[in-house]
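Novice: Attaching a predicted model along with its sequence, questions to come.
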Amino acid sequence: MKNGLCVVTLVLSMAAGCAAYGPSPGTGYPPGTGGPYVGGQQGYGQGYGEDMDMDYMYNYLAPHGNWVEMDHYGYVWIPRHMGYRWRPYTRGHWIMTDYGWTWMANEPWGSIPFHYGRWGYDDDFGWFWVPGNVWGPAWVSWRWGNQYAGWAPLPPGVEFRAGMDFAQLTFNIPLRFWIFLQATRFLDRDIHRYALPYERNVTIINYTSIHNNIYYRDNRIFNEGMGVDNVRRIIRREVPRYKVQDVRQPGPARIVGGDVQVYRPAIRTNTQARPKAILNRDEARRELAPAKVFEPQQPAPGRAQESVVWKRQAAEKTLLEKTQSQELKDIKRDRSAAQNRVRGASEKAKIQQDYQAKIAELQKQHRVEKQQLVERHKADAEQVKRAAKAVKKEDQNPPDKKR
């Protein structure tokens, strides 16, 4: 058990383990089945293109990551070369389609893991993907407010059944797994630049509320989250709508005119299928753990690696300070507006007293966030330095030279 993280709770009262973001022993899927059962069988509303075997997923993703065998999940996939503090559903942008909010991934492999299966988190080696065979526009839960928009990957074990009241599903998602940004940035093309450091999440949760709107109709999964009208009101411009168009060639989705061309094959269950190369948990812990913080796309000198991390940390610090400052300004604006609506001195004094209490509490929370960010940045920088030294040492003493 790690970090005491509470994980997933459904209306079905699933208990959760703390070492991984997913179901507890006995509630996962049989090894090699390829993901969650839907409606008691795999294949309900699964895909819309050509018919493919589970081997397709294993082979398609193998060049981009490692397959690991985990208890309760079977074969899970962990992406490589994702950069500093990578999180699912951050490298890309959102569009509205005839299936609801649809994720357009920047990653070359994104057409599979962001639209099938579920993402989980493990303290030993970070984010992992559990295969599934049901296509959806995005498997996320939503939070929304006037200031912030947020989403988080739905965890492994979340099942959808025919006839289920989707509105009754509830998810207890760890705070750090929510991805938040200022709501005005929601339709920006590169969300990664504006995703706030998760140290801000405790405060932002209080500025947002759940807006899940996942439903099933006509053999389709829809994820509409917060309504288009809410988004339009915040960003102050129209929200383009696109129609999903199936294509036969695998690869990233593309917008062509009013269509978004998507490869979404129907995946058949095959309990005999397995990845060609598989790491066990101990091997994954040794080889993949450093990538939780930083794993460069191309080999680079230690200083170059550290420079990339420092730049991203500086950007996180700027985002934290900017949004904290805006929250204080908003409270001051609300106080002035409230005082202008009343005439009595006692009423104005009461508003001022409440304002001072809110400011004091918010400033206290802001100081905690800043300190947490500083401590994380320091720990991350040390880990990158150690990794750079290890690479330098290995370059100076290659295996063949040692022999």
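Specialist: That came in fine, so what should we check first?
Novice: tell me the domain boundaries of the protein?
Specialist: 51-292, 302-402 (automatic domain parsing).
Novice: Now do the contacts for the spatially most central residue of the chain.
Specialist: Centroid-nearest residue in the chain: residue 88, 3.7 Å away (criterion: C-alpha atoms, centre = their mean). Contact analysis of residue 88 by C-beta atoms under 8 Å, 6 or more residues apart in numbering lists 113, 114, 119, 127, 129, 153. Every residue, glycine included, has its C-beta placed from N, CA and C.
Novice: And those, which two are furthest apart?
Specialist: Maximum pairwise distance among the contacts of residue 88 (C-beta to C-beta): 12.0 Å, between 114 and 127.
Novice: before we move on, back to that, rebuild the domains of the chain as TSV, extending it with mean pLDDT.
Specialist: Formatted as TSV, these follow (pLDDT from 0 to 100):
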stretch	mean pLDDT
domain 51-292	91
domain 302-402	88
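Novice: hey, which of these is tucked in deepest?
Specialist: Ranked by mean neighbour count under mean count of other C-beta atoms under 10 Å, those are led by domain 51-292, which reaches a mean of 19.
Novice: so how far is it off the chain centroid?
Specialist: Centroid separation for domain 51-292 versus its chain: 6 Å, with C-alpha atoms, centre = their mean, to the nearest Å.
Novice: all helices for this structure, in order.
Specialist: Taking DSSP state H as the test, the helices found in the chain are 54-61, 201-205, 228-235, 281-288, 302-340, 345-396, 399-402.
Novice: Arrange those in a markdown table, one row each, with distance to residue 181 as further columns.
Specialist: Formatted as a markdown table, the helices of the chain follow (distance: least, C-beta to C-beta, whole Å):
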| stretch | distance to residue 181 |
| --- | --- |
| helix 54-61 | 27 |
| helix 201-205 | 10 |
| helix 228-235 | 12 |
| helix 281-288 | 28 |
| helix 302-340 | 9 |
| helix 345-396 | 16 |
| helix 399-402 | 45 |
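Novice: looking at those helices, which is closest to residue 214?
Specialist: Closest of these to residue 214 is helix 228-235, at 15.7 Å (criterion: C-beta to C-beta).
Novice: Need the contact partners of the closest one.
Specialist: Here helix 228-235 has contacts from 96, 144, 146, 149, 183, 184, 186, 187, 211, 238, 239, using C-beta under 8 Å, 6+ apart.
Novice: What backbone torsions are found at the residue nearest to the second one when sequence neighbours are not counted?
Specialist: With C-beta to C-beta, 6 or more residues apart in numbering as the measure, residue 226 is the residue that lies nearest to residue 144, at 4.0 Å, once sequence neighbours are left out. Reported as degrees, to the nearest 10, the phi and psi values for residue 226 are phi -70, psi 150.
Novice: Check the spacing between residue 226 and residue 183 real quick.
Specialist: 9 Å (C-beta to C-beta, to the nearest Å).
Novice: Same question for residue 211.
Specialist: 12 Å.
Novice: can you list residues touching both of those two?
Specialist: Counting by C-beta under 8 Å, 6+ apart, the contacts common to residue 211 and residue 183 are residue 144.
Novice: And residue 105, how close does it get to residue 90?
Specialist: From residue 105 to residue 90 the distance is 10 Å (C-beta to C-beta).
Novice: Check residue 290 too.
Specialist: From residue 290 over to residue 90 (counting by C-beta to C-beta), the distance is 20 Å.
Novice: do the same with residue 133
Specialist: Counting by C-beta to C-beta, the gap from residue 133 to residue 90 is 25 Å.
Novice: Next: residue 155.
Specialist: Taken as C-beta to C-beta, the span from residue 155 to residue 90 is 17 Å.
Novice: what do you get for residue 365?
Specialist: Distance check for residue 365 against residue 90: by C-beta to C-beta, it reads 24 Å.
Novice: before we move on, what about residue 151?
Specialist: 10 Å.
Novice: Overlap of the contact sets of the two?
Specialist: Joint contacts of residue 151 and residue 90 (C-beta under 8 Å, 6+ apart) are residue 179.
Novice: follow-up on the earlier one: could you save the contacts of residue 88 as a markdown table and add columns showing distance to residue 254?
Specialist: Below are the contacts of residue 88 laid out as a markdown table (distance: C-beta to C-beta, whole Å):
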| residue | distance to residue 254 |
| --- | --- |
| 113 | 18 |
| 114 | 15 |
| 119 | 24 |
| 127 | 26 |
| 129 | 23 |
| 153 | 24 |
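Novice: In strands, which of those fall?
Specialist: Those of those mapping onto strands are 119, 127, 129, 153, per DSSP state E.
Novice: which one of those is nearest residue 387?
Specialist: Proximity of the ones in strands among the contacts of residue 88 to residue 387 (C-beta to C-beta) peaks at residue 127, which lies at 18.4 Å.
Novice: Contact partners for the closest one?
Specialist: Counting by C-beta under 8 Å, 6+ apart, residue 127 touches 78, 79, 86, 87, 88, 119, 120, 121.
Novice: Would you point out the most distant pair within those?
Specialist: Spatial extent of the contacts of residue 127 (C-beta to C-beta) is set by the pair 86 and 120 at 14.6 Å.
Novice: Residue 249 reaches residue 263, doesn't it?
Specialist: Yes. Here residue 249 reaches residue 263: they are 6.4 Å apart, a contact under C-beta atoms under 8 Å.
Novice: which residues does residue 119 contact?
Specialist: 21, 88, 113, 127, 128, 129, 130, 139, 153, 154, 155, 156.
Novice: Redo those residues as a markdown table? Include distance to residue 328.
Specialist: Listed next are the contacts of residue 119 as a markdown table, based on distance: C-beta to C-beta, whole Å:
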| residue | distance to residue 328 |
| --- | --- |
| 21 | 33 |
| 88 | 31 |
| 113 | 39 |
| 127 | 33 |
| 128 | 38 |
| 129 | 39 |
| 130 | 41 |
| 139 | 35 |
| 153 | 31 |
| 154 | 34 |
| 155 | 34 |
| 156 | 39 |
